[in-house]
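J.: coords please:
(chains A and B)
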There are 2 protein chains.
Amino acid sequence: TQQLLSGRAARPKPFRVTNVDRSMKKGIMADVLEDLINKVRDSLDVSCVSALVLDEDGTCVDTEEFFQTLPENAVLMVLEKGQKWTLHPNSPPRDQLGQR
Amino acid sequence: TQQLLSGRAARPKPFRVTNVDRSMKKGIMADVLEDLINKVRDSLDVSCVSALVLDEDGTCVDTEEFFQTLPENAVLMVLEKGQKWTLHPNSPPRDQLGQR
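T.: Below is the predicted model of the structure:
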């Protein structure tokens, strides 16, 4: 698979990466997942990246294959050990439970 | 096996697979249902997959034909023996119970 992927000559794509409390968001170019993780480490000053998840629903992006399906400017959240993804407070309201 | 499967023509599609309590969600590429089940077993550390169901409404995905109709990034839930699907707490309000 490694050959296959490198043979495909993935072009760098822009991603937007936020930290766990969404206090910071950076635009980062990367062609492969490992590249993005390395750049996130430097750019967001995260010494030990535990996971990259999709900001929208917390889906863990941990394979190169899945990473390659992400669209340009996909928003990712970097998690360090012990940190957990939470739904964005401004995400589209899907429940009406709060409205009584 | 990878070669064998790719010979079957279905191209890998991205799926998002969650566990029964939705504490973990992984992005997984798969071309056929069996492929997805195998990857779920490894990726979500589920030793014995009892069923894959649609997260949105608990529809059991147990035939290759139906599996092939799923869109990219369909959200599935993996169930182990004895586990049951429950409605997502943030799912769109489809009942009128709240409207009095």
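J.: what packs against the host helix or strand of residue A:51?
T.: Here residue A:51, judged by DSSP states H and E, is contained in strand A:49-54. If you count contacts as 3 or more C-beta pairs under 8 Å, 6 or more residues apart in numbering or on different chains; DSSP states H and E, strand A:49-54 packs onto helix A:33-43, strand A:74-80. The way it works is simple: take the backbone N, C-alpha and C, and place the C-beta from them, glycine included.
J.: tell me the buried residues in that strand?
T.: A:49, A:51, A:52, A:53, A:54 (16 or more other C-beta atoms under 10 Å in any protein chain shown).
J.: farthest-separated two in these?
T.: Greatest spacing in the buried residues of strand A:49-54, by C-beta to C-beta: A:49 and A:54 (14.9 Å).
J.: chain A: helices as residue ranges?
T.: A:2-7, A:33-43, A:64-68 (DSSP state H).
J.: in a markdown table, list those helices along with distance to chain B, mean neighbour count and mean pLDDT.
T.: Putting those into a markdown table (distance: least, C-beta to the nearest C-beta, whole Å; neighbours: other C-beta atoms under 10 Å in any protein chain shown; pLDDT from 0 to 100) gives the following:
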| stretch | distance to chain B | mean neighbour count | mean pLDDT |
| --- | --- | --- | --- |
| helix A:2-7 | 9 | 10 | 50 |
| helix A:33-43 | 11 | 16 | 96 |
| helix A:64-68 | 4 | 20 | 96 |
